[in-house]
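Asks: need a 3D model of the sequence below.
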Amino acid sequence: MRAQTRVGTVLRSKWHLDVLLGVGGMAAVYAATHRNGTRAALKVLHPELSTHAHIRSRFFREGRVANTIGHPGAVKVVDEDEAEDGSIFLVMELLEGESLDARAQRSGGKLPADEVLAAADQILDVLAAAHDKGVVHRDLKPENVFLTREGVVKLLDFGIARLREYSTASSATRTGTSMGTPMFMPPEQARGLWDEVDARSDLWAVGALMFALLTGRTVHEGRTTNELLLSAMTNAAPPLLSLDPGAHAAVSAVVDRALAFEKDLRWPDARTMQNAVRHAYLGIHDAPISTAPKLQVPPSVTDRTLPTANAVAPAPGAGSTGTGPALASGRTGVALRKSANKVQRRLLLVVTIAGAGALLALAFVLVGAVTSRVRGTPVVGEAVVAEEPLPGEASSSNAIESESMAAEADPPGPSTTAGPSAQQPAPLAPKADAGVKARVPRPRDWKEQRR
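Replies: From the prediction side, this is the model:
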């Protein structure tokens, strides 16, 4: 892996890359140590992309967008620079903990409703601050929500977020490409109607995130990315209770309204949806959400930012700055791997059928050869040998062959007049000794005999 070869190197004579945390479609994320001892996360754009002006602009914009929000739940970007090979990178705060996707996978694919509500409360608090500044995230999913060991929820990867003051000048989102993750895309985003993507699109994604964490499956399902996009464009989300009959009615009401197909039927803003989440928690526990136990990362979850970490797994912020799902991780990776496995099975079936056809054709050839040998028909490549006729019999095969050879050796001239010599039968080949098969004379022998 090319990104892995950077580990142990030093960028700009000051940042030592300690551990590769993850690789995305556009960038790789490393835990790094500054020469003054400060630790940080470095998000390095792939070298081949660093030469594109609009991609460089979007990448650097991520830092400006995240810092514009001014909320503890948005990852801070403290610096930006360019490596010796031309790759540009962002210096961000280093997080220790786990993503909500990793937390759900560790718990069998689902999370308890209390944890989902507590996480949603913090997510919506960050989004309220972002929306107030004109920032729409546009790629909310469990992999992009990180829970620190201090119990703080952080929103990652504002790489495709839209800051209104940049939207008119930027062409990054006007190329017709799909940006985001199809399983967590609202209809307007799946259709590429970027002028219609707004704060309520983020609220749809929050509802899809809650839906996935509560039910263990995503709103949209499909075998391929195209099928997922088609479902996101055309299908309304199923009611939460249809997949989780035990869900509290208040929780179901929050999620179902967030997932409304029409934007006007969704929650009007993040603060209103946050209040509904708090009301749902109050209805379940008869206590405010502020009294809920703090979300904690258990000690069994290892600190992957240390140089002793060996496994290279998807890391926070490595992901979807590009188009479509950037990391084959979590729910996104599971769906893509299922699609790949189906393709592999179909290819195997095609190869198997083709092999069987080849074997069948070979069998027909062999059967034909055996049948020819039994019937006495010469097989291609064998010498033609005529058996000695019985006494008193003429060899029909010799006679026929003799005529054809004679005709081939001495073809008729332009005149078609038949003289007496033309009606005389051609002389037969000399008879072989007893017990020895007669050899069919070559055309040269026939000419000599005719002379």
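
Asks: I figured Thr148 hits Glu93, correct?
Replies: No: between Thr148 and Glu93 no contact is recorded; they are 10.0 Å apart, counting by Cβ atoms under 8 Å. Where you see a C-beta, it was placed from the backbone N, CA and C, and this is true even at glycine.

Asks: please enumerate the shared neighbours of those two.
Replies: Shared contacts of Thr148 and Glu93, defined by Cβ atoms under 8 Å, 6 or more residues apart in numbering, are absent.

Asks: secondary structure element for Val91?
Replies: strand 88-92 (DSSP states H and E).

Asks: next SSE downstream of that strand?
Replies: strand 97-99.

Asks: now that next one: average pLDDT?
Replies: Regarding strand 97-99, the rounded mean pLDDT is 95.

Asks: again, but for stretch 266-282
Replies: Here the average pLDDT along stretch 266-282 is 98.

Asks: buried ones in that stretch?
Replies: Burial within stretch 266-282, assessed by neighbour count using 16 or more other Cβ atoms under 10 Å, is assigned to Arg266, Trp267, Asp269, Ala270, Met273, Gln274, Ala276, Val277, Arg278, Ala280, Tyr281.

Asks: among these, which one sits closest to His46?
Replies: Among these, Ala270 lies closest to His46 (Cβ to Cβ), at 33.2 Å.

Asks: that closest one reaches Asp121, doesn't it?
Replies: No: assessed by Cβ under 8 Å, Ala270 is found out of contact with Asp121, at 10.8 Å.

Asks: ok, now how distant is Val77 from Glu196?
Replies: Distance of Val77 to Glu196, given as Cβ to Cβ, to the nearest Å: 28 Å.

Asks: looking at the two, which one has more neighbours?
Replies: A count of neighbours by other Cβ atoms under 10 Å puts Val77 above the other of Val77 and Glu196, at 21 against 14.

Asks: list the contacts of that one.
Replies: Glu62, Gly63, Arg64, Ala66, Asn67, Leu90, Val91, Met92.

Asks: so Lys154: helix, strand or coil?
Replies: strand (DSSP: H, G, I helix; E, B strand; the rest coil).

Asks: kindly state the beta-bridge partners for it.
Replies: Phe146 (DSSP bridges).

Asks: apart from its chain neighbours, what residue comes closest to Met92?
Replies: Ala41 (4.6 Å; Cβ to Cβ, 6 or more residues apart in numbering).

Asks: same check, this time on Ala205
Replies: Leu140 (3.9 Å).

Asks: so where's the stretch 201-350 of the chain uncertain?
Replies: Along the stretch 201-350 of the chain, the model assigns pLDDT under 70 to residues 308-350.

Asks: helices along that one, start to end?
Replies: 225-234, 240-243, 249-258, 270-285, 330-375 (DSSP state H, counting those that start in this stretch).

Asks: pull the fourth one out as CSV, backbone CA atoms only.
Replies: Translated: helix 270-285. Output of helix 270-285 as CSV, limited to C-alpha atoms (Å, rounded to 0.1, in the frame of the first residue of the first chain):
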residue,chain,number,x,y,z
ALA,A,270,-31.8,21.3,13.8
ARG,A,271,-33.0,23.0,17.1
THR,A,272,-36.6,21.8,16.6
MET,A,273,-35.4,18.3,15.9
GLN,A,274,-33.1,18.4,18.9
ASN,A,275,-36.0,19.4,21.2
ALA,A,276,-38.0,16.5,19.8
VAL,A,277,-35.1,14.1,20.6
ARG,A,278,-35.0,15.5,24.2
HIS,A,279,-38.8,15.1,24.5
ALA,A,280,-38.6,11.5,23.4
TYR,A,281,-35.9,10.8,26.0
LEU,A,282,-38.1,12.5,28.6
GLY,A,283,-41.1,10.4,27.6
ILE,A,284,-39.1,7.2,28.0
HIS,A,285,-37.3,7.9,31.3
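
Asks: tell me what it is packed against?
Replies: helix 113-132, helix 199-215, helix 249-258 (3 or more Cβ pairs under 8 Å, 6 or more residues apart in numbering; DSSP states H and E).

Asks: as CSV, those helices with mean neighbour count and distance to Trp15 would be great.
Replies: Compiled in CSV, the helices and strands packed on helix 270-285 are given as follows (neighbours: other Cβ atoms under 10 Å; distance: least, Cβ to Cβ, whole Å):
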stretch, mean neighbour count, distance to Trp15
helix 113-132, 22, 28
helix 199-215, 25, 33
helix 249-258, 20, 40
